[in-house]
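Peer 1: Show me how the following folds:
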Amino acid sequence: MAADRVRRHNLSAVLTLVHHSPGLSRADITKATGLNRSTVSALVGEMVERELVVETQADSRNQVGRPSPGVEPHSAPVAIAINPEIDAVTIGVVGLRGTVLKRIRHETAAPPTVREMVRISAAVIEQLRPELETAHRTVGIGVAVPGLVRTSDGVVRLAPHLRWHDEPLAELLTEATGFEVSVANDASLGILAERTFGAGRGISDLIYLNGGASGIGGGIIAGGTAIGGAAGYAGEFGHTLVNSAGRRDAVGLVGSLEVEVNRAALLRVLGLASADSETLELALLGATSDTVVDEVRRQLGFLSIALCSAVNTLNPRLIILGGFLGALDAAAPGYLESLVAAQSIGVSFESVRITRAALGSDLLMIGAAELAFERLLADPK
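Peer 2: Residues are numbered from 1 along each chain as shown. Below is the predicted model of the structure:
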């Protein structure tokens, strides 16, 4: 029994390493895990049989001695990722190492109810089922929700823009699809994805702000640890006070960041009824009218207030901007950073870098998929 526990622990360690690393050989795994070569060979062989990894031809260039075969994730295991927003439900199929294989955006005329979101998701999954069953092995569903989630049972406590209150999302989606479902806040999953596969790789102190149709959320990693707070609701940067004379937001707070910095206002000045993230960014980058330029700078001004507070309080090394916030920053290069630098404590800001999310529009698909992959990584089967 003890030997089996050790073996399963080692399988988990090796598969997680392969999943999180951009490229590994058997020798790399031996060095990273401290296991001996024969043990690594046996573990990799077992996972090859289970279609979790594949071995690739060894690269003998610039090597002394016998070359070591490469180890890559197998294409069979996939997770289904879902992200509901006020104007669409996006469903994706994601492989190991954050490989997005498919992404389907189902637009909605109004914010979907929980049951509408479940119905849309189940219908899309049913269309994908023949492919999922013949070419893949689906490990479960991960859902990235723009709101506060009790992750222990997948209940959405509050998603104000969607008007969801205490909705048992995980239970409903499991009933509709037959898959195990995990649910978490979208921005918390975004920072997990960027830390693992994107701009935050190797950084132990960072914050992430995501701008979506449903507002602004965020995530915090300090000393290499994700900060969730007492109930898991930390990182709600969207409700930071930036304008004491402002309007109330979706939860009734006055002058919060997401009232002053929002996607809807950008669409209005651009003359767009709706747009996906790529279309919005192209429109912002191509806009020359004073109205658009003024709105971009106005929103960046309020965003800088929230970021200054974060810099002075948390002293991060990296600030990552996701969703429309990345496009907003790109529309006026250097402007946001200059504002934050001018308003932050000098010694706190001197080591800070502001960048956009590297994973682009795939970010929340990858983050949601990580929820579903957790069980497989913990106990490879």
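Peer 1: Identify the residues contacting the longest helix seen in the chain?
Peer 2: With secondary structure taken from DSSP state H, the chain has its longest helix at helix 290-314. Here helix 290-314 makes contact (C-beta atoms under 8 Å, 6 or more residues apart in numbering) with 205, 207, 209, 220, 222, 237, 240, 242-243, 257, 260-262, 265-266, 269-270, 284, 287, 316, 319, 325, 328-329, 331-332, 335-336, 339-340, 343-345, 348-349, 352, 354. C-beta: built from backbone N, CA, C; applies to glycine.
Peer 1: So in that sheet, which strands flank the very next helix or strand once past it, and in what orientation?
Peer 2: Downstream of helix 290-314, the first helix or strand assigned by DSSP states H and E is strand 318-323. Here strand 318-323 has these sheet partners by DSSP bridges: strand 206-212 (parallel), strand 353-356 (parallel).
Peer 1: Flag the shaky bits of this protein, pLDDT-wise.
Peer 2: Low-confidence segments of the chain, defined by pLDDT under 70: 58-66.
Peer 1: My guess is Glu72 contacts Gln57. True?
Peer 2: No - counting by C-beta atoms under 8 Å, Glu72 stays clear of Gln57, with 11.0 Å between them.
Peer 1: Compare these two (neighbour count), which wins?
Peer 2: The residue with more neighbours, out of Glu72 and Gln57, is Glu72; 15 against 8, by other C-beta atoms under 10 Å.
Peer 1: And the helix or strand encompassing the more buried one, what's buried?
Peer 2: Per DSSP H and E: Glu72 is located in strand 70-73. Neighbour counts over strand 70-73 (16 or more other C-beta atoms under 10 Å) mark 70-71, 73 as buried.
Peer 1: Distance to Val40 for those - can I get that in a markdown table?
Peer 2: Below are these laid out as a markdown table (distance: C-beta to C-beta, whole Å):
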| residue | distance to Val40 |
| --- | --- |
| Gly70 | 13 |
| Val71 | 9 |
| Pro73 | 16 |
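Peer 1: what's the closest of those to Ala275?
Peer 2: For these, the minimum distance to Ala275 (C-beta to C-beta) is 33.3 Å, reached by Pro73.
Peer 1: And the helices in the protein?
Peer 2: Under DSSP H, the chain gives helices at 2-20, 26-33, 37-49, 114-135, 169-177, 186-197, 257-260, 263-270, 277-286, 290-314, 324-330, 335-343, 346-349, 363-378.
Peer 1: just the ones you listed: most buried one?
Peer 2: Among the helices of the chain, helix 186-197 has the highest mean neighbour count (mean count of other C-beta atoms under 10 Å), at a mean of 26.
Peer 1: could you say what helices and strands that helix packs with?
Peer 2: Helices and strands touching helix 186-197, by 3 or more C-beta pairs under 8 Å, 6 or more residues apart in numbering; DSSP states H and E, are strand 137-145, strand 206-212, strand 215-222, strand 225-226, strand 318-323, helix 363-378.
Peer 1: Contacts for that helix, please.
Peer 2: Residues outside helix 186-197 that contact it (C-beta under 8 Å, 6+ apart): 20, 83, 97-98, 142, 144-146, 200-201, 203, 206-210, 212, 217-221, 226, 228, 235, 320, 322, 357-359, 363-364, 366-368, 370-371.
Peer 1: Can I get the helices of the chain in TSV including distance to Gly154?
Peer 2: TSV is the format used below for those (distance: least, C-beta to C-beta, whole Å):
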stretch	distance to Gly154
helix 2-20	23
helix 26-33	33
helix 37-49	29
helix 114-135	11
helix 169-177	2
helix 186-197	13
helix 257-260	24
helix 263-270	26
helix 277-286	26
helix 290-314	28
helix 324-330	27
helix 335-343	35
helix 346-349	37
helix 363-378	10
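Peer 1: Any idea which of those gets closest to His161?
Peer 2: helix 257-260 (8.8 Å).
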